[in-house]
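Visitor: Mind looking at a prediction? Sequence and model below.
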Amino acid sequence: MSELKIKQVRSIIKTNFNQKRTIKALGLGRPNYVTVKPDNPQIRGMIVKVRHLVEVEEVK
């Protein structure tokens with residue numbers, strides 16, 4: 001199973017409450033934080049909600 005490397009590139013200041021909670025649920029919180037999550041539909045859905053704040057890279 002592949003994994004996704006998720007890096008937060010923008011701050012969550014001036015974003016709505018749901019986006020802030022999604023960033024926290026992904027294990028991020030500040031710009032340049034990186035986390036590795038499994039590639040599944042739930043994580044992909046969270047990434048879509050905050051796609052303007054993160055960069056995603058697939059890890060084998």
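Guide: Sure, I can see it. The structure presented is a predicted model; accordingly, all values stated were derived computationally and were not measured. Residues are numbered from 1 along each chain as shown.
Visitor: burial count for Asn16?
Guide: 9 (other C-beta atoms under 10 Å). From N, CA and C alone the C-beta is placed, and that goes for glycine too.
Visitor: gap between it and Asn40?
Guide: Distance of Asn16 to Asn40, given as C-beta to C-beta, to the nearest Å: 24 Å.
Visitor: As a check, name the ranges of all strands in this structure.
Guide: Under the criterion DSSP state E, the chain contains strands at 3-8, 34-38, 54-59.
Visitor: Now tell me what touches the shortest one from outside.
Guide: Here strand 34-38 makes contact (C-beta atoms under 8 Å, 6 or more residues apart in numbering) with 1, 3-8, 26-28, 43, 59.
Visitor: and the closest residue to Glu55 other than its chain neighbours, bridged to which residues?
Guide: Of all residues not flanking Glu55 in the chain, Lys7 sits nearest, at 4.8 Å (C-beta to C-beta, 6 or more residues apart in numbering). Note on Lys7: beta-bridge partners by DSSP bridges are Val34, Glu55.
Visitor: Please identify the deepest-packed of the strands of the chain.
Guide: Mean neighbour count (mean count of other C-beta atoms under 10 Å) peaks for strand 3-8 among the strands of the chain, with a mean of 18.
Visitor: Go ahead and measure how far that one is from the middle of the chain.
Guide: Averaging C-alpha positions (C-alpha atoms, centre = their mean, to the nearest Å) puts strand 3-8 6 Å from its chain's average.
Visitor: Quick one: mean pLDDT over it.
Guide: Taken as a whole, strand 3-8 has an average pLDDT of 98.
Visitor: Mind putting the contacts of strand 34-38 into a markdown table with distance to Thr35?
Guide: Converted to a markdown table, the contacts of strand 34-38 look like this (distance: C-beta to C-beta, whole Å):
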| residue | distance to Thr35 |
| --- | --- |
| Met1 | 16 |
| Glu3 | 10 |
| Leu4 | 9 |
| Lys5 | 8 |
| Ile6 | 5 |
| Lys7 | 8 |
| Gln8 | 9 |
| Leu26 | 6 |
| Gly27 | 4 |
| Leu28 | 6 |
| Ile43 | 10 |
| Val59 | 11 |
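Visitor: biggest separation within those residues, which pair?
Guide: Greatest spatial distance among those (C-beta to C-beta): Met1 and Gln8, at 23.2 Å.
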